[in-house]
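**Q** below are the sequence and a predicted model for it; my questions follow.
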Amino acid sequence: MTQKNHRHSYSAKAVCRQDVPRKDGTCPVIIRVILNRVPVTSNLKIHVPPPAWNDDRCRVVAYRDGAITRKSANDFNLIIGRALSRANEIFMEARLLDVPLTKSAFVNKFNNPVHHFSFFDFVYEQIDILRGVHDKHTITKYLSTTKKLKKFAPNLSFGDLTFDTIQRYDQFLRQKEGLAQNTIWSHHKDLRKFINLAIKKELPIKNPYALFKLKKHPGKKVFLTQAEVNKLLSMYSRQEFNDRLHRVLRYFLFSCFTGLRISDVQRITHENIVHGTLVVTPHKTRSAMKMIKIPLNSISEKLIQHRNGKLFDTVSDQKTNDFLKEIAHYAGIEKHITFHVARHTFATIHYMVNRDLLTLRDLLGHSKVETTEIYAHLVNGMKSKTVDNMAALFQ
């Protein structure tokens with residue numbers, strides 16, 4: 001069997017090595033592979049007497065003295081056929097991915113059957129398992145990453161997960177898909193997670209990310225100033241918005257004074273309020289079982305919509321963010337507002353007022369203070385900008 005194009009020339013053939021007979025007179029049957037003129041052999045652990053080998057058909061035949069029965073010949077030919085099919089699958093994968101097939105890569109894939117299993121079958125199976133562990137936003141993100149990866153390599157197998165593949169996938173995301181650096185980083189991070197899961201499940205694969213360095217640029221955090229929050233509070237109090245926008249603004253402002261993520265605002269009930277303090281196990285980090293306690297001030301208490309059951313009537317994340325864009329437009333706030341801006345607003349204003357990173361870390365539920373330090377940098381950056389603006393007045 002031979003496959004050729006301008007970059008790939010592969011062939012595989014079953015051969016009986018009659019030049020190296022054993023003491024009992026039988027000879028080994030091997031698969032002889034040629035990869036772009038580079039020979040590779042694989043021993044099938046089949047040994048037959050020379051008369052039991054048909055050179056023209058490259059098959060074992062029954063031998064008249066009973067040394068090789070018809071059933072034995074059929075069994076041996078089944079092994080040979082499967083080996084040739086496996087080699088052909090490896091050739092086809094290399095051709096479809098348009099990558100040269102090296103000797104080491106072929107041997108690795110040929111000798112490790114797991115390498116031929118579909119990586120996507122494994123990923124979808126793991127996503128189904130993780131549905132009970134992660135929230136819907138995380139699952140949606142995993143599915144999005146899988147969709148991108150499938151667009152890049154529709155027939156990706158475990159054996160294709162090499163450093164070279166990861167490099168080309170990175171190039172695909174950057175050049176063909178035109179994604180930003182942090183979005184690329186997110187797709188790589190998700191892919192690496194499933195590769196690590198496969199390794200934890202003791203599948204015999206190597207981690208292609210061991211040498212591939214993931215890069216993430218510090219994201220620009222958008223937050224509202226005290227003046228902008230006051231403006232929204234005034235518009236809320238005067239009920240300047242229609243019912244749907246008023247409802248969304250209510251729980252957005254609540255988050256500006258508590259720092260809660262939307263996944264927590266959607267879930268919290270009056271059972272989470274204990275003696276004027278909001279006691280919550282954040283949904284995003286619930287596996288860590290870490291509880292945070294956020295004192296409610298007079299403004300956040302007044303914003304609570306219901307006195308029983310859930311605190312707020314919420315809409316989907318997408319609808320919430322769509323409505324917040326409308327609110328920002330009506331309020332004359334020229335910033336890209338999403339619900340997470342409320343959390344950044346809470347953290348930034350809290351640090352400006354209290355200058356206490358450790359307390360802010362606990363209120364936000366961060367495990368490391370280094371994560372919280374970004375808000376100190378934001379506030380310090382605002383101070384520098386203010387001084388620069390003052391200097392500009394006298395130029």
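**A** Here it is on my side, so go on. What you are looking at is a predicted structure, and each value in this text was computed from that prediction instead of being measured.
**Q** do I have it right that Cys256 meets Leu224?
**A** Yes: at 7.0 Å, Cys256 and Leu224 qualify as touching, with contact defined as CB atoms under 8 Å. C-beta coordinates here come from the backbone N, C-alpha and C atoms, glycine included.
**Q** overlap of the contact sets of those two?
**A** Common contact partners of Cys256 and Leu224 (CB atoms under 8 Å, 6 or more residues apart in numbering): 342, 345.
**Q** give me the element Ala12 is part of.
**A** Here Ala12 sits within strand 9-16, counting by DSSP states H and E.
**Q** pull up the pairing partners for that strand, direction included.
**A** strand 2-4 (antiparallel), strand 27-35 (antiparallel) (DSSP bridges).
**Q** in the longest one, what's buried?
**A** I take that to be strand 27-35. Neighbour counts over strand 27-35 (16 or more other CB atoms under 10 Å) mark 27-31, 33, 35 as buried.
**Q** pLDDT check: weakest of these?
**A** Lowest pLDDT among the buried residues of strand 27-35: Leu35, with 89.
**Q** got a list of what Ala376 touches?
**A** Counted by CB under 8 Å, 6+ apart, Ala376 has contacts 351, 357.
**Q** how far away is it from His350?
**A** As for Ala376, its distance to His350 is 11 Å (criterion: CB to CB, to the nearest Å).
**Q** likewise Ile294?
**A** Taken as CB to CB, the span from Ile294 to His350 is 10 Å.
**Q** now for these two: what residues contact both?
**A** 259, 363.
**Q** show residues contacting stretch 191-203.
**A** Counting by CB under 8 Å, 6+ apart, 114, 119, 122-123, 126, 142, 145, 149, 158, 161, 166, 169, 205, 207-209, 214 sit against stretch 191-203.
**Q** separate out the buried members of those residues.
**A** 119, 122-123, 126, 142, 145, 149, 158, 161, 166, 169, 205, 208-209.
**Q** could you dump the residues you listed into JSON lines and include distance to His246?
**A** Output for those, formatted as JSON lines (distance: CB to CB, whole Å):
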{"residue": "Phe119", "distance to His246": "48"}
{"residue": "Phe122", "distance to His246": "47"}
{"residue": "Val123", "distance to His246": "42"}
{"residue": "Gln126", "distance to His246": "42"}
{"residue": "Tyr142", "distance to His246": "35"}
{"residue": "Thr145", "distance to His246": "37"}
{"residue": "Leu149", "distance to His246": "42"}
{"residue": "Phe158", "distance to His246": "53"}
{"residue": "Leu161", "distance to His246": "51"}
{"residue": "Ile166", "distance to His246": "48"}
{"residue": "Tyr169", "distance to His246": "45"}
{"residue": "Ile205", "distance to His246": "53"}
{"residue": "Pro208", "distance to His246": "51"}
{"residue": "Tyr209", "distance to His246": "47"}
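**Q** of those residues, the lowest pLDDT goes to which?
**A** Ile205 (80).
**Q** I figured it hits Thr162, correct?
**A** No: using CB under 8 Å, Ile205 is not in contact with Thr162, being 9.9 Å away.
**Q** where exactly do the strands run in the stretch 201-350 of the chain?
**A** Counting by DSSP state E, counting those that start in this stretch, the segments of the stretch 201-350 of the chain that form strands are 273-274, 277-280, 292-295.
**Q** from the contacts of stretch 191-203, which ones fall inside strands?
**A** Within the contacts of stretch 191-203, no residue falls in strands by DSSP state E.
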